[in-house]
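Provided below are the primary sequence and the corresponding predicted coordinates.
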Amino acid sequence: MPKNDFIVDLSLLRGSELVADLDAIRSYNPQRHEMEHLTGILYEDVETLTCAGYKDVRHDEFWVRGHMPGMPVMPGVIQLEAVAQLSSFFAQKHDLLGAEMLGFGGVDNARFRDVVVPGDRLILMIRLSKARRGRMIVADFQGVVGEKLVIDGVIRGIPLPVQAVKNHLATRAAQNVV
């Protein structure tokens, strides 16, 4: 794929200082422990609604042992989660939805074009095509290892009803339902 077909020119991402490290990502995204799938943010442009970050895929990831034994391949669902977390970071940092928390709203046209394995740096890029405050964001996304496109598609994010979820969990706990 020619470099100009990427959402962000890869040359802009090499050797640049981080826009956000893991601690800064945590100030916008609630995921922790084995569910954190971003390592850093490399680039953002509010005018074009683009953002790029990365996931350094470690040999001790929770999925490595079982997916698949002797041939660890990063699950597509984890790649999509990393894209969702990049989208959430950008939307929350710039208060695009006006929501306490952003959730996964769907994915369209996802294509997995090559494998991602431990030791890879998965570069993720998004470009928002819609941002409806209080309703939804829609973003084109790409994932690249080296200079090779490994995943692309469209992702949607929606505001999560945080208080409603907390109330539901409290009701379930009061009923001793696990």
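Nice, I can see it. All values derive from a computational prediction rather than experimental measurement.

for the longest helix along the chain, packing partners?
Ranked by residue count under DSSP state H, the longest helix found in the chain is helix 76-93. Counting contacts by 3 or more CB pairs under 8 Å, 6 or more residues apart in numbering; DSSP states H and E, helix 76-93 packs against strand 40-45, strand 50-56, strand 102-112, strand 121-132, strand 136-145, strand 148-159. Using the backbone N, CA and C atoms, a C-beta is placed for each residue, glycine as well.

deepest-packed of the ones you listed, please.
Each of the helices and strands packed on helix 76-93 was assessed for mean neighbour count using mean count of other CB atoms under 10 Å. The highest is strand 50-56, with a mean of 23.

list the strands paired with it, with their directions.
strand 40-45 (antiparallel), strand 121-132 (antiparallel) (DSSP bridges).

dump these to TSV, plus mean pLDDT and distance to His94.
TSV is the format used below for the strands paired with strand 50-56 (pLDDT from 0 to 100; distance: least, CB to CB, whole Å):
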stretch	mean pLDDT	distance to His94
strand 40-45	97	8
strand 121-132	97	9
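
where does the protein have its least confident helix or strand?
helix 162-174 (a mean of 92; mean pLDDT, DSSP states H and E).
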